[in-house]
Every structure is written in structure tokens, then in C-alpha cells.
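# Fold the following for me, if possible:
(one chain, ligands or ions: 1)
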Amino acid sequence: LQLLFYQNLGVEAFSMPDLAYINHDQQIVELTEARLPVWDRGFLFADSVYEVIRVYKGKAFRYEDHMERLKHSLKEIRLDFAVFHELEVIIKELIKQSGYTDAKIYIQITRGIAPRNHAFPEKTEPTLLVTIEKAKSLPESVVERGVKIISSEDIRWSRCDVKTTALLPNVLKKQLALEQGAYEVVFIGPDNKVRECSHCNIFMYRDGLVTPPESQHILSGITRKVILEIAERLKIKSLQVDFGLEALKSASEVFVTGSLSEIVPVVEIDDSVAGNGRPGPITKLLIEEYRKITREQY
Ligand SMILES: Cc1ncc(COP(=O)(O)O)c(C=O)c1O
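All right, here's what the predicted structure looks like:
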């Protein structure tokens with residue numbers, strides 16, 4: 001594996017660029033210069049899976065968990081990709097060359113480049129794209145105030161445990177939320193159960209922390225996993241069970257979680273006030289603990 005160093009620093013030598021690596025070129029380039037053929041099946045069919053990993057202090061947070069989930073996604077879509085050692089080398093190199101300590105890594109693996117045909121291509125090398133960008137946190141004022149979310153029918157497929165790039169339902173519903181002055185949308189299944197959001201998992205506090213169980217209807221979030229671990233350590237009772245929208249609306253606290261947004265308090269759902277309209281004490285405690293893990297101890 002040959003990794004060429006990014007050399008075109010030019011006049012902006014002190015402002016580090018976002019970078020990209022594509023396996024077909026075996027080169028690290030400036031992100032805006034990265035190119036893939038239009039025949040890539042990721043582009044034509046969303047025949048691909050992805051991961052987003054947060055880098056804190058120059059290290060990929062919960063890397064092993066992300067790799068385990070990536071392997072699950074690849075297996076479920078029957079995509080053979082075995083070069084996990086190279087992937088790790090590339091990620092370390094991107095962190096090093098970017099100089100970023102706080103960043104987000106995006107990994108996408110597609111079924112490769114081949115003339116457009118639904119059937120799997122024979123002998124096509126998968127495409128691996130890895131990018132690094134500077135992390136952008138949500139403004140602190142948003143976390144302090146909390147956000148509104150709306151509820152909406154889950155129009156996604158029945159394998160949401162697979163982290164595929166086929167995200168059109170998530171895109172449409174997130175846009176609907178934004179147009180209604182909300183931050184996120186919570187998907188409600190045909191059984192009237194709360195599932196997750198367009199790019200976050202959801203928790204409520206009702207005499208204990210409650211989140212929907214792992215299933216094919218939700219993505220097993222890494223942040224969700226970390227929150228459950230923190231709750232166990234702090235002896236906060238937690239339950240992974242299904243619940244409905246009314247239970248969510250009448251919970252004493254609600255928050256959503258994701259690798260980039262971390263923990264975002266929810267203070268309004270549709271047109272009801274959630275909790276007492278302000279981020280609650282358990283949510284605040286979990287935010288504090290999450291920050292300790294990622295900013296201090298880690
Ligand atoms: C649908 C969905 N649910 C949940 C999450 C949160 O997952 P994680 O905490 O691993 O970032 C994401 C993250 O992108 C997502 O897309």
C-alpha cells in the first residue's frame with residue numbers, strides 16, 4: 001500500500017485542508033479534488049455502506065465498534081471487503097497529514113465500478129473512499145436550550161441496522177423537519193412504536209433511561225452504546241424496550257444521540273413541550289460524562 005503525501009500546500013500552508021483517499025488512485029488528495037467515475041455503483045444504485053467516526057485528540061473514537069458495525073453492514077449487503085488493516089493505516093495517515101485533532105472521518109465502501117446493471121458485477125474491486133474533515137460541533141447555545149423534533153411515519157426499508165448510503169427517506173424527512181422549524185424527525189413504525197431519528201438514536205427518561213431495543217428497524221448507534229455504558233457506570237437504571245409517541249411526549253426528559261452531534265436535548269415534540277421545556281438533569285449529567293470521556297480521560 002503506497003500513500004503519497006499531500007504536497008500541494010501552496011500559500012495556505014497554515015490552514016490545513018480536508019483530505020480524501022480513494023483506493024483506485026492510492027493517493028491522498030485535497031477533498032475537493034477527489035473524483036470517482038459515474039459508473040461507481042455507490043452513485044448509480046446507492047450500492048454501498050458507510051461509517052462516520054469522530055476523532056477526538058487525534059484519535060478515532062470507538063474505532064473497534066465502528067469497524068464491527070461496518071463488517072456487519074458489508075456482510076448483510078454481501079460485499080467482500082477484507083482490507084481492514086489498510087483502512088486503519090489510511091485513517092491514521094489522514095489524521096496525521098491533516099494535522100486535525102478534532103475531526104470527522106467518513107468511510108464509504110461501494111460494490112465498485114462497472115457498467116450499469118442491477119446484478120452484482122463479476123470481478124470488480126470495491127471502491128473505498130475515506131475522507132477527513134474538521135469537526136463542527138453544534139453551537140453550545142443549541143445544546144443549552146434544547147431542540148424541537150417532529151414525528152413522522154417511518155418510510156425507510158426494513159433493514160435500518162445496515163448503514164447504507166441509500167438515505168433518501170432520511171433526507172426527505174430531515175428536510176421536512178427543518179422546514180417545520182425542527183432539528184430532527186423521529187420515525188414512528190406501523191406498530192406505532194418510536195424507532196429512531198433521521199441521523200440519531202433517541203432516548204427518554206421516565207424513572208429510568210429508556211431507548212428502543214436493537215432491531216432491524218434502527219441503526220445500532222455507537223453513541224447509544226456509550227450512553228448505555230455511562231448509565232450503567234453511574235447506576236442510572238436503563239431499559240431497551242419499545243414505547244409509543246405518547247410515552248415519549250410525556251417523558252420527563254428526551255434526547256437524541258449521534259457521533260457528530262453527541263447528545264442533543266429535546267424540549268419540544270410536534271406541538272407539545274417535552275419534559276419541562278428545558279434540558280433535564282439526567283441529560284445534562286450524561287452530556288457532562290460524555291464530554292469527560294471524549295475530551296478529558298480519553
Ligand atoms: C439512522 C441513524 N441512526 C442513528 C445514528 C447514530 O449512530 P452513531 O451514534 O453511531 O453515530 C445515525 C448516525 O449517523 C443514523 O444515521
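
# near the ligand, which residues of the stretch 151-298 of the chain show up?
196, 199-201, 219, 221-224, 257-259 (Cβ under 6 Å from any ligand atom). Every residue, glycine included, has its C-beta placed from N, CA and C.

# Take those and keep only those in helices.
Among those, the ones falling in helices (DSSP state H) are 222-224.

# Including pLDDT, neighbour count and distance to Ser252, could those go into a markdown table?
What follows is those, written out as a markdown table (pLDDT from 0 to 100; neighbours: other Cβ atoms under 10 Å; distance: Cβ to Cβ, whole Å):
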| residue | pLDDT | neighbour count | distance to Ser252 |
| --- | --- | --- | --- |
| Ile222 | 98 | 24 | 26 |
| Thr223 | 98 | 22 | 21 |
| Arg224 | 98 | 23 | 19 |
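
# And those residues, which is closest to Leu19?
Closest approach between those and Leu19, by Cβ to Cβ: Ile222, at 22.8 Å.

# thinking that closest one is in contact with Glu68, fair?
No. Ile222 lies out of contact with Glu68 (Cβ atoms under 8 Å); the separation is 9.3 Å.

# in the stretch 1-150 of the chain, what residue is nearest the ligand?
Closest residue of the stretch 1-150 of the chain to the ligand, Cβ to the nearest ligand atom: Val52 (5.7 Å).

# If you count contacts, what does the helix or strand containing that residue end up packed against?
Assessed by DSSP states H and E, Val52 sits inside strand 48-56. Here strand 48-56 is seen to pack against helix 63-76, strand 103-110 when contacts are counted using 3 or more Cβ pairs under 8 Å, 6 or more residues apart in numbering; DSSP states H and E.

# can you give me how far the last one is from the chain middle?
Distance of strand 103-110 from its chain centroid, counting by Cα atoms, centre = their mean, to the nearest Å, is 10 Å.

# List the neighbouring strands of it plus their orientation.
In the sheet, strand 103-110 lines up against strand 48-56 (antiparallel), strand 127-134 (antiparallel) (DSSP bridges).

# The first one versus helix 63-76: what angle between them?
Right, the one you point to is strand 48-56. If you take axes from the mean of the first three to the mean of the last three Cα atoms, to 10 degrees, strand 48-56 sits at 180 degrees to helix 63-76.

# The next helix or strand after strand 48-56 pairs with which strands?
Downstream of strand 48-56, the next assigned helix or strand under DSSP H and E is strand 59-60. Strand pairing for strand 59-60, using DSSP bridges, gives strand 48-56 (antiparallel).

# Would you mind listing what in the stretch 1-150 of the chain touches the ligand?
Val52.

# My guess is Thr124 contacts Thr110. True?
No. At 9.6 Å, Thr124 does not count as touching Thr110 under the criterion of Cβ under 8 Å.

# follow-up on the earlier one: I'd like the mean pLDDT over the strand holding Val52, please.
Here strand 48-56 scores 98 as its mean pLDDT.

# hmm, who's touching the helix or strand Gln97 falls within?
Element membership for Gln97 (DSSP H and E) is helix 84-98. If you take Cβ atoms under 8 Å, 6 or more residues apart in numbering as the criterion, helix 84-98 is touched by 1, 3, 5-6, 16-19, 21, 28, 53, 55, 58-60, 63, 67, 71, 103, 105, 107, 128, 130-132.

# Check stretch 282-298 too.
For stretch 282-298, using Cβ under 8 Å, 6+ apart, the contacting residues are 54, 56-57, 59, 61, 143, 205, 209, 223, 226-227, 230-231, 234, 236, 253, 255, 262-263, 265, 279.

# Buried residues in that stretch, which are they?
If you call a residue buried by 16 or more other Cβ atoms under 10 Å, then stretch 282-298 has these buried ones: 282-284, 286-287, 289-290, 294.

# And for stretch 220-234?
Neighbour-count burial for stretch 220-234 [16+ other Cβ under 10 Å]: 220-228, 230-231.

# now do stretch 183-198
Buried residues in stretch 183-198, defined by neighbour count with 16+ other Cβ under 10 Å: 183-189, 193-198.

# Next: stretch 174-185.
174, 177, 182-185.

# In a markdown table: these, plus pLDDT and secondary structure.
Formatted as a markdown table, the buried residues of stretch 174-185 follow (pLDDT from 0 to 100; DSSP: H, G, I helix; E, B strand; the rest coil):
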| residue | pLDDT | secondary structure |
| --- | --- | --- |
| Lys174 | 98 | helix |
| Ala177 | 98 | helix |
| Ala182 | 98 | coil |
| Tyr183 | 98 | coil |
| Glu184 | 98 | strand |
| Val185 | 98 | strand |
